[in-house]
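J.: Sequence and predicted model, in that order:
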Amino acid sequence: MLWLTFGALAAGETVPTAPSVSIAADGAVAMLNWSGGRPTYQLQKRASFSGPWQNVGQPTTETTAAVPLADTPAFFRVVADYTARFEVLFDSTWSQQTHPGAWPPGAHWSGPVGGVHNDKVHFWKEGDVASEGIRLMAERGQQGTLAAEIQATIPAGHAYFTLTASGLGSPGQRLITFPQATTRDFPLLTLVSMIAPSPDWFTGVAGLNLLGADGEWIEEQTVTLYGFDAGTDSGADFTSPDLVTAPRGVVTRFEGYPARINGTIVPFGTLTVRRIE
């Protein structure tokens with residue numbers, strides 16, 4: 001028996017972009033046809049009304065699919081606009097003018113590093129103990145360990161790909177283009193960069209959702225970038241000698257120096273995410 005859902009959802013489910021779908025039996029095969037919505041499309045299946053949706057095949061621009069008929073019930077749907085590709089503009093405004101007294105010689109940013117993932121994993125969060133990848137990024141500007149931590153979650157289906165880019169001076173900008181489109185299964189962006197020189201200070205975003213509240217991909221969003229202390233080095237100034245924090249503290253957002261200027265917390269820049277495909 002083959003069942004096909006037409007937007008029927010279990011309690012609490014969100015509604016993705018859904019084309020109009022029709023079905024016709026042809027011997028031992030059911031032909032699904034759909035129209036409407038923006039490509040790419042993803043055919044999905046589940047075995048019960050309240051079960052999890054599973055992808056059938058890869059995202060496609062086609063509007064038909066052949067599904068073998070079976071004796072057990074099956075529910076299908078087609079999700080439109082399943083993939084999207086983005087570019088990220090890191091705009092550093094940190095300067096002698098924005099942060100007087102908190103501007104070291106040779107001020108710059110390490111190469112940004114991060115990736116796209118789902119909500120089954122996170123790679124840093126305010127109040128959490130920093131991973132080794134976050135420590136080495138925040139203390140040394142190293143990209144490799146954090147990129148490897150993200151890469152290690154890909155086989156389990158928790159991340160999709162990593163992102164890296166070269167460093168930049170400040171003020172300055174760095175445009176980072178996704179190497180490929182991400183999917184609705186991996187809508188979260190994590191990206192960080194070291195404030196340099198510094199003991200263990202950095203900025204970035206953790207799990208920025210590329211899907212809006214309406215369930216559609218964002219077209220453009222700008223996020224204000226504040227500074228964070230990784231909790232791994234107790235140096236008090238930009239050029240303090242290494243002073244390992246033991247036991248390791250937690251990631252905290254700057255409330256005082258070097259972000260508080262004349263009584264106000266001043267951000268270090270912005271991150272603008274724009275959809276390009």
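T.: Yep, that arrived.

J.: measure residue 165 to residue 159 for me?
T.: Separation of residue 165 from residue 159 (Cβ to Cβ, to the nearest Å) stands at 18 Å. Placement of C-beta: from N, CA and C, glycine included.

J.: So between the two, which is more surrounded?
T.: Shown here are residue 165 and residue 159; by other Cβ atoms under 10 Å, residue 159 has more neighbours (24 against 20).

J.: I'd like the distance between the residue sitting nearest the centre point of the chain and residue 106.
T.: The centroid of the chain falls nearest to residue 189 when counting by Cα atoms, centre = their mean (1.2 Å). Distance from residue 189 to residue 106, counting by Cβ to Cβ: 29 Å.

J.: does residue 168 really touch residue 108, like I thought?
T.: Yes - using Cβ atoms under 8 Å, residue 168 is in contact with residue 108, at 6.7 Å.

J.: tell me, what's touching those two both at once?
T.: Listed as contacting both residue 168 and residue 108 by Cβ atoms under 8 Å, 6 or more residues apart in numbering is no residue at all.

J.: residues of stretch 224-238 that come out buried?
T.: Within stretch 224-238, the residues that count as buried by 16 or more other Cβ atoms under 10 Å are 225, 226, 227, 228, 229, 230, 231, 232, 233, 235, 238.

J.: got CSV for those, with distance to residue 209 too?
T.: Below are the buried residues of stretch 224-238 laid out as CSV (distance: Cβ to Cβ, whole Å):
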residue, distance to residue 209
225, 17
226, 18
227, 22
228, 19
229, 25
230, 23
231, 25
232, 27
233, 31
235, 33
238, 33
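
J.: Mind checking which of these land in strands?
T.: Judged by DSSP state E, those include 225, 227, 228, 229 as members of strands.

J.: looking at this, residue 149 is in a helix?
T.: Yes - counting by DSSP: H, G, I helix; E, B strand; the rest coil, residue 149 falls inside a helix.

J.: what does the model give the nearest residue to residue 243 once chain neighbours are set aside for pLDDT?
T.: Take residue 243 and drop its neighbours on the chain: the residue closest to it by Cβ to Cβ, 6 or more residues apart in numbering is residue 234, 4.4 Å away. Residue 234 carries a pLDDT score of 97 in this model.

J.: okay, now the closest residue to residue 268 other than its chain neighbours: neighbour count?
T.: Nearest residue to residue 268, sequence neighbours excluded (Cβ to Cβ, 6+ apart): residue 94, at 4.5 Å. Counted with other Cβ under 10 Å, residues neighbouring residue 94 total 25.

J.: what pLDDT does residue 94 get?
T.: For residue 94, the model assigns a pLDDT of 98.

J.: Count the residues that sit near residue 52.
T.: Using other Cβ under 10 Å, residue 52 is surrounded by 8 other residues.

J.: gap between it and residue 31?
T.: 25 Å.

J.: just how off-centre is stretch 251-263 within its chain?
T.: 26 Å (Cα atoms, centre = their mean, to the nearest Å).

J.: Averaged pLDDT, the stretch of helix or strand residue 139 belongs to. What do you get?
T.: Element membership of residue 139, judged by DSSP states H and E, is helix 132-140. For helix 132-140, mean pLDDT is 98.

J.: Which other helices and strands does that helix contact?
T.: When contacts are defined as 3 or more Cβ pairs under 8 Å, 6 or more residues apart in numbering; DSSP states H and E, helix 132-140 packs onto helix 144-151, strand 188-196, strand 201-209.

J.: looking at those, which is buried most?
T.: Highest mean neighbour count among those (mean count of other Cβ atoms under 10 Å): strand 188-196, with a mean of 25.

J.: who touches residue 181 in this structure?
T.: Contacts of residue 181 by Cβ under 8 Å, 6+ apart are 40, 83, 84, 85, 277.

J.: ugh, wrong one, I meant residue 208
T.: So residue 208 contacts 188, 189, 190, 191, 221, 223, 271, 273 (Cβ under 8 Å, 6+ apart).

J.: right, and the second one touches residue 206 too?
T.: Yep, that's residue 189 we're talking about. No - counting by Cβ under 8 Å, residue 189 stays clear of residue 206, with 9.0 Å between them.
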